[in-house]
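Chemist: only geometry, no sequence info:
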């Protein structure tokens with residue numbers, strides 16, 4: 001009978017570990033902010049609000065964000081509608097003298 005207690009105890013321990021792993025995975029998946037949430041960036045607003053777009057571009061230039069960094073922030077590979085924003089920033093960045 002002591003062997004069966006060990007088996008039950010071990011089984012419960014494994015269930016707890018499995019349950020913990022599932023909760024950790026769910027937590028990461030559910031609560032991991034994307035770039036837009038983390039930075040407070042509203043990419044859609046940048047398309048329609050010229051003043052907001054200029055403010056964001058000025059902040060990126062001030063922080064010397066490269067064109068490729070902005071390409072990644074805008075996630076142009078997955079959202080083609082932001083390519084126009086990327087092209088505008090790339091042109092602005094190049095003319096700022098901080099290029100490459």
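Modeler: Everything's here; your move. On a predicted model such as this, the values are computed, not experimentally measured, just so you know.

Chemist: show me where pLDDT drops low in the protein?
Modeler: 1-39, 99-100 (pLDDT under 70).

Chemist: now the helices for it?
Modeler: For the chain, applying DSSP state H gives helices covering 2-31, 35-39, 43-48, 50-62, 67-74, 83-95.

Chemist: any idea how this structure splits into domains?
Modeler: 1-32, 35-95 (automatic domain parsing).

Chemist: residues contacting residue 64?
Modeler: Contacts of residue 64 were listed using C-beta atoms under 8 Å, 6 or more residues apart in numbering, and they are residue 98. Bear in mind the C-beta positions are built from the backbone N, C-alpha and C, glycine included.

Chemist: quick one: it and residue 50, what's the gap?
Modeler: Counting by C-beta to C-beta, to the nearest Å, the separation of residue 64 from residue 50 is 23 Å.

Chemist: what does residue 81 give?
Modeler: Taking C-beta to C-beta, one finds residue 81 at 16 Å from residue 50.
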